[in-house]
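K.L.:
Predicted structure and sequence below. I'll ask about it afterward.
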2 protein chains.
Amino acid sequence: MDTPFDPRPIGIFDSGIGGLTVLRAVAQRLPGESLIYLGDTARVPYGSKSPRTVARYTIQVADFLLARGIKALVVACNTASALGLEALGRHSPVPALGVILPGARLAAGTTRNRQVGIIGTRSTIASGAYPRELTALDSLIRSHPLACPLFVPLAEEGWHHHPATRLIATESLQPLMAAGIDTLILGCTHYPLLAPVIAEVMGPEVTLIDSARAVADALAGRIGPEIRPAPPGARPTRTLLATDVPDRFEEVARRFLELEESGGLERVEMVDLQP
Amino acid sequence: MDTPFDPRPIGIFDSGIGGLTVLRAVAQRLPGESLIYLGDTARVPYGSKSPRTVARYTIQVADFLLARGIKALVVACNTASALGLEALGRHSPVPALGVILPGARLAAGTTRNRQVGIIGTRSTIASGAYPRELTALDSLIRSHPLACPLFVPLAEEGWHHHPATRLIATESLQPLMAAGIDTLILGCTHYPLLAPVIAEVMGPEVTLIDSARAVADALAGRIGPEIRPAPPGARPTRTLLATDVPDRFEEVARRFLELEESGGLERVEMVDLQP
């Protein structure tokens, strides 16, 4: 007997804690859906690893979540989206979404002068994934990709408003200032934490694109015929898994949990991908 | 027939590329010995991971090197030395040395006012390994441990002499300035790259302790009755292994190889710890 509903959770995967911004956006956009988040904190960061390793880790994490019975998979990590999504598309029996295409679509719809900056980890930028999608959407868009590897540790360590961070941002973003972009994709889940400093450096003419909201909208658009929605009235669950649980994961996760308005959130559970 | 010589290589293990400072120190101190270095670059950094995970990774890497036939194992990574060496000591059939004890010994022999600072990753500092060894060596030594998590990315990204690095170092090291230390253990293999900035901030009264040289001396002291030396006249080999080979590993490794005065160095070989 086929029903139009599917109570199974949606899986969200990130290399670490940054993807919690995506979890939050999805929970706000789709409050009735159960969510299961896996942060591969034992192997974070992905951004400095080779394409082959990132693709291998992505498939491994997807298999783990698929075995838990998910109905769709969101790859919240930009690096894994850039380097692992193609292999995942062939591999996964359920719909798999990354953050690159939704972010690129939002940027293409935002830019007026067609000069779009993209900042991300070394691996995300080296992959060329954002420029590829932007060109496919509008061949007149000129992409300005830039790796900002120091932004992740600065965000994680809480130096959001420090003069040193402003110095590093000013120097790092100089090529984008010079290029005259009017739209900047924050191509890493950590970067929204530095958005105030980045906005200050780039000035009010530049619109920042946060792919967390873009991917939540894209996911919502596929709920219906392609991904069956949760049964109405069912109580959604939120499960957090991590491959390692340092103290700070629980700390940061808890900060995010307080922002959740719907659904109970279980404690962080540590899982082993290689039993 | 037992000979007083053993041609097998000495294994050196680090979470990433930082331990190449130890490889270099050992190669200079023991030019006749064959060396095999493994950087667990697919899972770097260890410094933000839990004790359980670091200990598990340490044993896994040790098993891999033991299977390659080593006669001794140097754990170049401070975090792995702090959190994995005890388990490794029970596990390994060959002598295993970490960087903590040699570094602590050198610091205890250097300090005059018995106020010793230790900087390292979050995990190394949380382990309390250096203060424990320092107290065991001299119960009157007062330890001042301090986690400096931003120093690793700043060193890796080449911001060694940037004003932002000086700002971060000045603010981070403030508690050690206030404590009046006269000796500072660089408790992370990456930190020697920032030594000029750290020395400038701390001033000429503070002696910096680099544990790479200390562990090379400690290893040399055990070559003889405990670890049989390489046969005289044999041509030593240097093998570099990594669990992931991003472009920059080869770049940095090559820089180190040029500094080597003896022995041929093979290309970086990528290995998989979980076949």
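P.N.:
It's in.
K.L.:
State whether residue A:23 and residue A:38 are indeed in contact, as I suppose.
P.N.:
No. Judged on Cβ atoms under 8 Å, residue A:23 makes no contact with residue A:38 at a distance of 10.4 Å. The way it works is simple: take the backbone N, C-alpha and C, and place the C-beta from them, glycine included.
K.L.:
what sits in contact with each of the two?
P.N.:
Common contacts of residue A:23 and residue A:38 (Cβ atoms under 8 Å, 6 or more residues apart in numbering or on different chains): residue A:12.
K.L.:
just for the stretch 1-150 of chain A, where's the confidence low?
P.N.:
Counting by pLDDT under 70, the low-confidence segments of the stretch 1-150 of chain A come to A:1.
K.L.:
Flag every residue of it that's near chain B.
P.N.:
Counting by Cβ under 8 Å from any Cβ of the partner chain, the residues of the stretch 1-150 of chain A close to chain B are A:41, A:42, A:43, A:44, A:48, A:49, A:50, A:53, A:122, A:123, A:149, A:150.
K.L.:
Export those residues to JSON lines and append columns for secondary structure, distance to residue A:85 and neighbour count.
P.N.:
Formatted as JSON lines, the residues of the stretch 1-150 of chain A next to chain B follow (DSSP: H, G, I helix; E, B strand; the rest coil; distance: Cβ to Cβ, whole Å; neighbours: other Cβ atoms under 10 Å in any protein chain shown):
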{"residue": "A:41", "secondary structure": "coil", "distance to residue A:85": "21", "neighbour count": "25"}
{"residue": "A:42", "secondary structure": "coil", "distance to residue A:85": "22", "neighbour count": "24"}
{"residue": "A:43", "secondary structure": "coil", "distance to residue A:85": "18", "neighbour count": "24"}
{"residue": "A:44", "secondary structure": "coil", "distance to residue A:85": "18", "neighbour count": "26"}
{"residue": "A:48", "secondary structure": "coil", "distance to residue A:85": "19", "neighbour count": "22"}
{"residue": "A:49", "secondary structure": "coil", "distance to residue A:85": "16", "neighbour count": "28"}
{"residue": "A:50", "secondary structure": "coil", "distance to residue A:85": "16", "neighbour count": "21"}
{"residue": "A:53", "secondary structure": "helix", "distance to residue A:85": "15", "neighbour count": "23"}
{"residue": "A:122", "secondary structure": "helix", "distance to residue A:85": "18", "neighbour count": "19"}
{"residue": "A:123", "secondary structure": "helix", "distance to residue A:85": "13", "neighbour count": "25"}
{"residue": "A:149", "secondary structure": "coil", "distance to residue A:85": "22", "neighbour count": "19"}
{"residue": "A:150", "secondary structure": "coil", "distance to residue A:85": "26", "neighbour count": "22"}
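K.L.:
and those, which two are the farthest apart?
P.N.:
Using Cβ to Cβ, the two most remote members of the residues of the stretch 1-150 of chain A next to chain B are A:42 and A:150, lying 22.7 Å apart.
K.L.:
Name the residue of the stretch 1-150 of chain A that lies nearest to chain B.
P.N.:
Chain B sits closest to residue A:53 of the stretch 1-150 of chain A, with a gap of 4.6 Å, by Cβ to the nearest Cβ.
K.L.:
Quick check: closest non-adjacent residue to that residue.
P.N.:
Counting by Cβ to Cβ, 6 or more residues apart in numbering or on different chains, residue A:53 lies nearest to residue B:244, which is 4.6 Å off, once chain neighbours are set aside.
K.L.:
ok, that neighbour touching residue B:271?
P.N.:
No. Using Cβ under 8 Å, residue B:244 is not in contact with residue B:271, being 9.7 Å away.
K.L.:
who has more neighbours, the two?
P.N.:
residue B:244 (23 against 16; other Cβ atoms under 10 Å in any protein chain shown).
K.L.:
For that one, identify the helix or strand it belongs to.
P.N.:
If you go by DSSP states H and E, residue B:244 is not part of any helix or strand.
K.L.:
so what's it up against?
P.N.:
For residue B:244, the contact set (Cβ under 8 Å, 6+ apart) comprises A:49, A:50, A:53, B:41, B:42, B:270.
K.L.:
Give me the distance between the two termini of stretch A:182-191.
P.N.:
Taking Cα to Cα, to the nearest Å as the measure, stretch A:182-191 stretches 18 Å from start to finish.
K.L.:
Show the average pLDDT along it.
P.N.:
What stretch A:182-191 shows for mean pLDDT is 94.
K.L.:
the helices in chain A, which residues?
P.N.:
Per DSSP state H, chain A carries helices over the ranges A:20-29, A:51-67, A:78-91, A:100-110, A:122-127, A:129-137, A:151-156, A:163-172, A:174-179, A:195-202, A:211-222, A:247-259.
K.L.:
Same list, those helices, but as a markdown table with distance to residue B:31 please.
P.N.:
A markdown table is the format used below for the helices of chain A (distance: least, Cβ to Cβ, whole Å):
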| stretch | distance to residue B:31 |
| --- | --- |
| helix A:20-29 | 50 |
| helix A:51-67 | 34 |
| helix A:78-91 | 41 |
| helix A:100-110 | 50 |
| helix A:122-127 | 35 |
| helix A:129-137 | 46 |
| helix A:151-156 | 37 |
| helix A:163-172 | 41 |
| helix A:174-179 | 45 |
| helix A:195-202 | 49 |
| helix A:211-222 | 52 |
| helix A:247-259 | 43 |
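K.L.:
Tell me what residue A:115 is bridged to.
P.N.:
Following DSSP bridges, residue A:115 is listed with bridge partners residue A:142.
K.L.:
Please tell me I have it right and it contacts residue A:184.
P.N.:
No. At 10.0 Å, residue A:115 does not count as touching residue A:184 under the criterion of Cβ under 8 Å.
K.L.:
And these two? Which one has more around it.
P.N.:
Using other Cβ under 10 Å, the more surrounded residue of residue A:115 and residue A:184 is residue A:184, with 27 against 18.
K.L.:
Settle this for me: residue A:184 is touching residue A:201, isn't it.
P.N.:
No. Between residue A:184 and residue A:201 there is no contact under Cβ under 8 Å: 10.2 Å.
K.L.:
Pull the number of nearby residues for residue A:173.
P.N.:
By the criterion of other Cβ under 10 Å, residue A:173 has 22 neighbours.
K.L.:
neighbours of the closest residue to it other than its chain neighbours, just the number please.
P.N.:
Leaving aside its chain neighbours, residue A:173 sits nearest to residue A:201 (5.3 Å; criterion: Cβ to Cβ, 6+ apart). Neighbourhood size, residue A:201 [other Cβ under 10 Å]: 20.
K.L.:
is it true that residue A:201 touches residue A:166?
P.N.:
Yes. Using Cβ under 8 Å, residue A:201 is in contact with residue A:166, at 7.0 Å.
K.L.:
any chance of the contacts of residue B:244 in TSV, plus distance to residue B:61?
P.N.:
Shown next, in TSV, are these (distance: Cβ to Cβ, whole Å):
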residue	distance to residue B:61
A:49	17
A:50	18
A:53	16
B:41	11
B:42	11
B:270	14
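K.L.:
Good, we can wrap up now.
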